[in-house]
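Chemist: fold the following for me, if possible:
(one chain, ligands or ions: 1)
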Amino acid sequence: MFNLVLFGPPGSGKGTQSANIVTTYQLQHISTGDLLRDEVSRQTPLGVEAKKYMDQGLLVPDEVVIGMISSKIDESPEARGFVFDGFPRTRAQAEALDKLLEFKQTQIDLVLALEVPEPQLITRLVGRGQSSGRSDDNEEVIIKRIKEYHSKTEPVAGYYHTQGKLERIKGDGGIDDTFKLLSKEIDNYLLPA
Ligand code: B4P
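Modeler: Here you go, the predicted structure:
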């Protein structure tokens, strides 16, 4: 089994690149952002609670997100591996993921961190907001999300660096160019299916 974390600030391309990676390498995609938006749209109790945080650009509490991930992994026992997109976003989430995978006798193999300059992140997300209607893609909330990333999520890179699993990737080029850079790293572990 091969497990990858795609890491980076809001708008760095985690969702965009995950779509290419899961198709090319036949992996299961787990996006906490997508899972949360699904709960919000179905107006489940979890979704109603999560929306309060998401609309303000804040991270949803760890226990909510960790519970969602655990059941999602259990849904695909035969998976070739998983791409974790937008998770973990705090050190507590990273530690919980390690424990969860250890229990399932597997582990995170590689963490690819997309690096994109801040003005470019804002331009991309404002652009997406114009067509997606996502309530967290307006400039005021985007700036809060980036601040939340710096204070709570960026330290997670250090957690994986200490484990020797972190590779930093330039994510400011085009979608295909960035995919080539990511693939070069993944190919060291797993060839396209
Ligand atoms: P997410 O859904 O994870 O999304 P994201 O960080 O906004 O974006 P991503 O990096 O995936 O960008 P994308 O590829 O879509 O999070 C949303 C919210 O959910 C969080 O703020 C938080 O509240 C909550 N949440 C999620 N996970 C959580 C967790 N684990 N713990 C707590 N809370 C959590 O790209 C963005 C735009 O850029 C798109 O329009 C795309 O087309 C464009 N783009 C991408 N790559 C490009 C490129 N190379 N060139 C030009 N444009 C590009």
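Chemist: what residues sit buried inside the helix or strand hosting P119?
Modeler: Using DSSP states H and E, P119 falls within helix 118-132. Under the neighbour-count criterion of 16 or more other CB atoms under 10 Å, helix 118-132 has 121-122, 124-125, 128-129 buried. (Each C-beta comes from the backbone N, C-alpha and C, glycine too.)
Chemist: farthest pair in these?
Modeler: Pairwise distances across these (CB to CB) peak at 12.4 Å, for the pair L121 and G129.
Chemist: so what sits against both of those two?
Modeler: By the contact definition CB atoms under 8 Å, 6 or more residues apart in numbering, L121 and G129 are jointly contacted by I142.
Chemist: contact partners for V65?
Modeler: If you count contacts by CB under 8 Å, 6+ apart, then V65 has 32, 36, 87, 89, 93 around it.
Chemist: do stretch 25-44 and the ligand meet at all?
Modeler: Yes - using CB under 6 Å from any ligand atom, stretch 25-44 reaches the ligand at 32-33, 36.
Chemist: got those residues as JSON lines, with pLDDT, secondary structure and neighbour count columns?
Modeler: Formatted as JSON lines, these follow (pLDDT from 0 to 100; DSSP: H, G, I helix; E, B strand; the rest coil; neighbours: other CB atoms under 10 Å):
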{"residue": "T32", "pLDDT": "97", "secondary structure": "helix", "neighbour count": "23"}
{"residue": "G33", "pLDDT": "96", "secondary structure": "helix", "neighbour count": "18"}
{"residue": "L36", "pLDDT": "96", "secondary structure": "helix", "neighbour count": "22"}
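Chemist: if we take these, which one ends up nearest to the ligand?
Modeler: Ranked by distance to the ligand (CB to the nearest ligand atom), the residues of stretch 25-44 next to the ligand are led by G33 at 1.8 Å.
Chemist: just checking, the closest one touches R89?
Modeler: No - judged on CB atoms under 8 Å, G33 makes no contact with R89 at a distance of 9.7 Å.
Chemist: burial of S70, as a residue count?
Modeler: Counted by other CB atoms under 10 Å, the residues lying close to S70 total 14.
Chemist: that one sits in which helix or strand?
Modeler: Using DSSP H and E, S70 sits within helix 62-74.
Chemist: mind exporting the helix holding P119 as CSV, just the C-alpha atoms?
Modeler: Only the C-alpha atoms of helix 118-132 are listed here, as CSV (Å, rounded to 0.1, in the frame of the first residue of the first chain):
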residue,chain,number,x,y,z
GLU,A,118,0.6,34.2,-1.5
PRO,A,119,-0.6,36.7,-4.1
GLN,A,120,-1.1,33.9,-6.6
LEU,A,121,-3.1,31.9,-4.0
ILE,A,122,-5.5,34.8,-3.5
THR,A,123,-5.9,35.3,-7.3
ARG,A,124,-6.7,31.6,-7.8
LEU,A,125,-9.2,31.4,-5.0
VAL,A,126,-11.0,34.6,-5.8
GLY,A,127,-11.2,33.3,-9.4
ARG,A,128,-12.7,30.0,-8.3
GLY,A,129,-15.1,31.9,-6.0
GLN,A,130,-16.6,33.7,-9.0
SER,A,131,-17.7,30.4,-10.6
SER,A,132,-18.0,27.9,-7.7
